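Engineer: Predicted model and sequence below, questions to follow.
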Amino acid sequence: MRPGWILFAIVFWLAAWALNEWLVRRRPEAKAARRGIGLVVPLLFGVTILVLWEGIVRGFNVPPVLLPPPSAIWDRITGSVPLLLADFRQTVIKSVIPGYIMGCGSGFIAAILIDRSPFLKRGLLPIGNFVSALPVIGIAPIMVMWFGFDWQSKAAVVVVMTFFPMLVNTVQGLAAASSMEKDLMRTYAAGYWQTLAKLRLPAAGPFIFNALKINSTLALIGAIVAEFFGTPIVGMGFRISAEIGRMNVDMVWAEIAVAALAGSAFYGVVALTERAVTFWHPSVRGGRT
Amino acid sequence: MTTGGVIAARDLSLTFQTNDGPVHALSDVNLDIGKGEFVSFIGPSGCGKTTFLRVIADLEQPTGGQILVNGMTPEEARRARAYGYVFQAASLYPWRTIEKNIALPLEIMGVSRSEQRERIARVLDLVDLAGFGKKYPWQLSGGMQQRASIARALAFDADLLLMDEPFGALDEIVRDHLNEQLLKLWDRTNKTICFVTHSIPEAVYLSTKIVVMSPRPGRVTDVIDSTLPKERPLDIRETPEFLEIAHRVREGLRAGHSYD
Amino acid sequence: MTTGGVIAARDLSLTFQTNDGPVHALSDVNLDIGKGEFVSFIGPSGCGKTTFLRVIADLEQPTGGQILVNGMTPEEARRARAYGYVFQAASLYPWRTIEKNIALPLEIMGVSRSEQRERIARVLDLVDLAGFGKKYPWQLSGGMQQRASIARALAFDADLLLMDEPFGALDEIVRDHLNEQLLKLWDRTNKTICFVTHSIPEAVYLSTKIVVMSPRPGRVTDVIDSTLPKERPLDIRETPEFLEIAHRVREGLRAGHSYD
Amino acid sequence: ADKLTLQLKWVTQAQFAGYYVAKDKGFYEEENLDVEIKPGGPDVAPPQVIAGGGADVVLDWMPSALATREKGIPLVNIAQPFKSSGMMLTCRKDSGISSPKDFKGKTLGVWFGGNEYPFLNWMNKLGYKTDGSPDGVTVLKQGFNVDPLLQKQADCISTMTYNEYWQVIDAGLTPDDLVVFKYEDEGVSTLEDGIYVLEDSLKDPAMVDKLVRFVRASMKGWKWAEQNPDEAAEIVLENDATGAQTEKHQKRMMGEIAKLTAGSNGALDPADYKRTVEALMSGGSDPVITKEPEGAWTHEITDKALN
Amino acid sequence: MSAVAPIAGRRPSLVARAWNGTALPVTIVVLIIVAVWYVAAVFMNAPQEYDKAGRAGQTLTVSDLVTRTMAQERPVLPAPHQVVVELWDTTINKNITSKRSLVYHAWVTLSATLAGFAIGTVLGVGLAVFIVHNTAADRSLMPWIIASQTIPILAIAPMIIVVLYNIGLSGLLPKALISTYLSFFPVVVGMVKGLRSPDSMQLDLMRTWNASAAQTFWKLRWPSSMPYLFTSMKVAVAISLVGAIVGELPTGAVAGLGARLLAGSYYGQTIQIWSALFMAAGLAATLVALVGVAHSMVLRRMGQAE
Ligand SMILES: Nc1ncnc2c1ncn2[C@@H]1O[C@H](COP(=O)(O)OP(=O)(O)OP(=O)(O)O)[C@@H](O)[C@H]1O
Ligand SMILES: Nc1ncnc2c1ncn2[C@@H]1O[C@H](COP(=O)(O)OP(=O)(O)OP(=O)(O)O)[C@@H](O)[C@H]1O
Ligand SMILES: Cc1ncc(C[n+]2csc(CCO)c2C)c(N)n1
Ligand SMILES: [Mg+2]
Ligand SMILES: [Mg+2]
């Protein structure tokens, strides 16, 4: 045991915490400064986690095959950029994005289709809930069996995972317009499609984005997990499962880091789009009614 | 049943089925409203004023009796876009600017862009909101929102206007001003207006006919034809004739309450 | 600065920083309110009436000037539970019955159960809601909800009552009735009441002092001391004295608008 | 009794019959041992488990064990009950493969997670690239079952003589439809299921004593299983908590396993070890281990246990 | 009250009521799915039969094809009745303590699910309370909580299990903790939203009464957050199940639905996979329904029910 490292980590932690507490109490006039604080605080928190991790791993001499220190992971990341890029391409570009688009798109279209039939809505939604409770690790081997080893089966898993959240949320969103808003359309003798385009879809926006956000993390996890069940020898899930057997745990964590980064970025992009598109919603404009 | 008037209700009833039994919102309502009339509906909360307007607008189905709007069923009238409706709450779409909100019914009717622009400018001016067209509803005060929703109904330019407490959220000065504007508009365009209000002076000041209603079940207890001239300056409200009518309305209303 | 009165404001200003620049909600407000006064605030929408009440209640921090409540800072007064507040909207908790809603502030103050029960019964009676105590808010009409929220503030039994348009959602008959009740209560208990309203007759009928405000920036443009006697039957509203005061208020108000 | 935890490399099946027999028949108890057997699976890496303190003894294949050793986890082979390798490549005849020369351009399924080394070594020897370049072979990371072969998603897949091969047969393909290449026959076999402990364990005499008793009892179990394959298979079935194994399959598996353990008394044959190390060091551009390991095995335990 | 006679409303006919309920629509949709499934089963299993017949030198009639594709031992897509028979065999026809009973395995998974769900809910609510009351936590925690959910849990589960064993945790708890890792997330997100759902007027009201933070929490924030809590708990309980299944793999997959899925996958027992899948989904649906019942019970007690 090396108490120096542990002590350092704890001191750093306390200092960063205090700094954060101090920072969030600042109320600077300048917009830029407020934004800066909004960025620095979570970053500092993240750095603190890494320092704590490094300190504990070094301080307690944790074997690197169990948990490598962040510095070793960083070395591995910088040393294997081409490999990580190839894996990223295979998993994210080839499997996740097409699967996400197809899953969300078909969920949305299905929602519009069944919207016209209350009968279908009542019949399909409970089954939708049932299907979305199917665990990935059960679906993945089936998809590999059906769609082969390459990205198609991964995209299929992503489609299955993202379809129902989108369906359920969109159906719920299409019902979100208040009865008075709908009555208004009625007084204009507006047709179904006019009401859909001008009232119900905008009102459904927050729900649809909710599904898009949930799905952004689901899609990535689904594709990676599906690669555990058979894949060509490239891809983030492949790398993770192959390298863990080779005891290259730093490589495993490098892939996990890339996955977390890609997932957070994906989520962030969707969240930003949401802010831009549903700017009018109280949760976005800050509660003022 | 005559079909000459704009609205003709015969033994109109509407009962809501709710969990704790039926609610008789309207019961045997008989009413005729002719072209160009300005009719106010007044009565305690829950007496069926909104419900009656909604039946005219084909937003509720009566459970008894008959009603004709412009000689048609309410549904036909609605499809013919026979009326403009101002709801009790503003009900603007938060994702559209004020301008775009007013444009909405026009878009649906397929009015040309240039005419949309022109009408929007006119009605915004009418409700004193010129310059606020590019704002979003939540950037306006409640009173301004209510005025925008009135503007939206006016832009629609139907011959029949249904207004459900349109000035409830406004202060007295603005209210007076809008009352005047509304009277002028009515005078100029010869529209038929059905107007719900809680304010006795407002009802008397505006109307050619005042319908007093009472609740449980919702009934028409009195229909008062105004003897005031068509030309009405604001200070007509201090004339004995005015006070006389107001008194009659107040008496009718009081009968519906349990006080005194 | 004198500290004798209940409220003493000196050069009070409050500016909100918003995205599209500062909003001057209150600007150099000077006002003294003595014990037992009934003060109405009247003025167009957005002139700062609510904001002023909120400053008294320590819900907003002034950005300039000074204010004392019972000789203390607003914060101290709030901690001493010096006032009851009726908001512009009812704001009842939907998961509590009317009774429980009224009990809430009493629970927080630690009032004993039996006293809670007693006070609840008294105030429910006062606002004509006896028998509705076990209902949930959504089972009541809007007007009844508003009365329940008034009852809640009364149960609190503070010496200072802040009421923000408490009767806005009610029809004229109910309103008249509650106006009478409120006056009686005030007369009996010698409370100090700050009362926001849009209705000129209401302001004149109730107040010992009428504060007329005007917007952009929110200022006090006139303070009118009522010459009406403390004893006020409803028909005092037809006396020349009443109409005279009402006229003065109307003139003051009109000055704040851009019409005419 | 002294407690000892054994981490298996895979799920409960006849591949590990010796240990289950030793426990069931009381051989461990006779040695005053209380052995806990933890089943493995696709998501369990025995070296990681032992490094994390989750087991005292693990079973592993030597390529994986030596690679781990180079990563700083000092695994030491203390006994080698499996003499020969059961790994083979099973191909469909209708894919046109009859000898290793025909692999070019074909799709081959391989197990990863530490089991790919012998294969990569073999391809290296044959001169096939495995990185997807045109005149090499296409490699798939195969899942846990034989579907890729049945559904013609791969031309060949990795199988064990005692397990996956029979699943192919059960699925309806006959031995005539198949071509198999045993790693033993191709001269690329590496040592499979060996018993490994951490170096530190060997410094502690009490632990060494425990291990001696463990190996002795385990080998007794293995020899018993070789002689009574059907009963051994039933013991395995009783210990299978998933309830997914079938009697037919386990009995057949036991028969095949017996062939692999037959040549071993438990002691590692240094010649086998040398052959494995050589294979792993010649792994082309990406050798599994870069330098000759030292102290990666010992006869200390088997010497005491077997004499 | 009034003397108006009640309107003689016609009772809706039986057919209309069934049509407007959920049972009939669900049944019909299920029937359609089953029909599509049968057709798909024939088509997806056909190549194997053709292959087999080709090697045996036979030709297949259509009826041969249909009967054979529905009775394969390792079908690409098992026919619905095969799954039903398997489910029946492994639940009703087996002693529930037997390792071959699906009920036994469902119970193993369920216990980890419930433990994980309970811990996850408590943790999620705790974090949400912390976030709502501490600005620094609000700013710094949320992005990382989101990032934590982008980590593929299956990849780090083995390490978590090993590390937990190292500090003396084994058995049910490690599995439960993996399910916690997945289930706390929807609870945090929902509860942060829920605890912030009182509008500013309701909060101001508390302020005018000089209520303490604890009073504001218990009398306002907590009751307001109930609908959010239960909605996120519905999501969380389904995810907990997935977490428990994932957690079974790195513990040697000795028992539980995950073990069944894996064993089925390992031996190419598609029928077994499908029946385990259906068991899992059915379990999840039941749990979600139970949370729903709890939800409406609480709502009723709060006077919020329809
Ligand atoms: N959808 C509905 N379902 C059941 N009851 C209803 C419904 N709509 C209205 N009611 C009931 O019908 C009665 C008449 O309601 P209505 O809204 O017409 O009153 P109102 O005269 O407009 O009152 P206010 O002045 O408060 O707006 C009330 O008792 C109300 O509770
Ligand atoms: N939190 C806030 N942030 C920014 N501006 C505010 C805020 N609260 C009030 N304002 C602005 O301050 C001004 C005064 O508002 P206030 O609510 O006091 O008006 P009011 O006199 O009560 O109006 P009303 O009669 O409509 O209730 C308005 O222009 C309003 O837009
Ligand atoms: C992920 C993974 N895939 C395959 C194997 C290979 N393997 C090692 S022992 C054994 C049992 C033989 O039937 C098998 C298949 C593994 N260890 N891990
Ligand atoms: Mg109404
Ligand atoms: Mg206000």
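Structural biologist: Okay, I see it. Numbers count the residues shown, from 1 in each chain, chains lettered A, B, ... in the order given. Ligands and ions are numbered 1, 2, ... in the order given.
Engineer: Which residue, other than its chain neighbours, is closest to residue A:84?
Structural biologist: Among residues not flanking residue A:84 along the chain, residue A:258 sits closest, at 5.6 Å (CB to CB, 6 or more residues apart in numbering or on different chains). Every residue, glycine included, has its C-beta placed from N, CA and C.
Engineer: which parts of whichever helix or strand that neighbour is part of are buried?
Structural biologist: Counting by DSSP states H and E, the element that carries residue A:258 is helix A:249-277. Neighbour-count burial for helix A:249-277 flags A:249-260, A:262-264, A:266-267, A:270, A:274, A:277 (criterion: 16 or more other CB atoms under 10 Å in any protein chain shown).
Engineer: rewinding a little: pretty sure the residue nearest to residue A:84 contacts residue A:88?
Structural biologist: Yes: with contacts counted by CB atoms under 8 Å, residue A:258 reaches residue A:88, the gap being 6.2 Å.
Engineer: so what does the helix holding residue A:258 touch, helix or strand wise?
Structural biologist: helix A:70-79, helix A:81-88, helix A:201-226, helix A:236-245, helix E:135-148, helix E:153-166 (3 or more CB pairs under 8 Å, 6 or more residues apart in numbering or on different chains; DSSP states H and E).
Engineer: where does the spatially most central residue of chain E fall, helix, sheet strand or coil?
Structural biologist: Residue closest to the average C-alpha location in chain E (CA atoms, centre = their mean): residue E:238, at 2.4 Å. Judged by DSSP: H, G, I helix; E, B strand; the rest coil, the three-state class of residue E:238 is helix.
Engineer: repeat for residue D:42
Structural biologist: coil.
Engineer: My guess is it contacts residue E:249. True?
Structural biologist: Yes: counting by CB under 8 Å, residue D:42 touches residue E:249, with 7.1 Å between them.
Engineer: Quick check: neighbours shared by the two?
Structural biologist: residue E:262 (CB atoms under 8 Å, 6 or more residues apart in numbering or on different chains).
Engineer: more crowded one of the two?
Structural biologist: Between residue D:42 and residue E:249, residue E:249 has the larger neighbour count (other CB atoms under 10 Å in any protein chain shown), namely 25 against 21.
Engineer: That one and residue E:172: what is the separation?
Structural biologist: 15 Å (CB to CB, to the nearest Å).
Engineer: now do residue A:32
Structural biologist: 51 Å.
Engineer: If you tally nearby residues, what's the number for the closest residue to chain D within the stretch 151-260 of chain B?
Structural biologist: Of all residues in the stretch 151-260 of chain B, residue B:152 sits closest to chain D, at 61.7 Å by CB to the nearest CB. By the criterion of other CB under 10 Å, residue B:152 has 26 neighbours.
Engineer: from what I can see it touches residue B:106, true?
Structural biologist: No: using CB under 8 Å as the test, residue B:152 is too far from residue B:106 to be in contact (9.3 Å).
Engineer: quick one: which of residue A:32 and residue E:172 has more around it?
Structural biologist: Under the neighbour definition other CB under 10 Å, residue A:32 and residue E:172 were set side by side, and residue E:172 has more, 17 against 8.
Engineer: Just give the nearest non-adjacent residue to residue E:236, would you?
Structural biologist: Nearest to residue E:236 is residue E:183, by CB to CB, 6+ apart, at 4.1 Å.
Engineer: Please name the residues that touch residue 237.
Structural biologist: Chain wasn't specified; assuming chain A. A:91, A:223-228, A:231, E:152, E:155.
Engineer: Sorry, I should have been clearer: chain D.
Structural biologist: Residue D:237 is in contact with D:245, D:247, D:250, counting by CB under 8 Å, 6+ apart.
Engineer: Please report phi then psi for the second one.
Structural biologist: Looking back up the chat, that one is residue D:247. Dihedral pair for residue D:247: phi -60, psi -40, per degrees, to the nearest 10.
Engineer: Next: the first one.
Structural biologist: The phi and psi torsions at residue D:245 (degrees, to the nearest 10) take the values phi -80, psi 150.
Engineer: Give me the spatial nearest neighbour of it, chain neighbours excluded.
Structural biologist: In space, residue D:245 is closest to residue D:237, 5.8 Å off (CB to CB, 6+ apart).
Engineer: Look up which helix or strand the one you found falls in, please.
Structural biologist: helix D:229-239.
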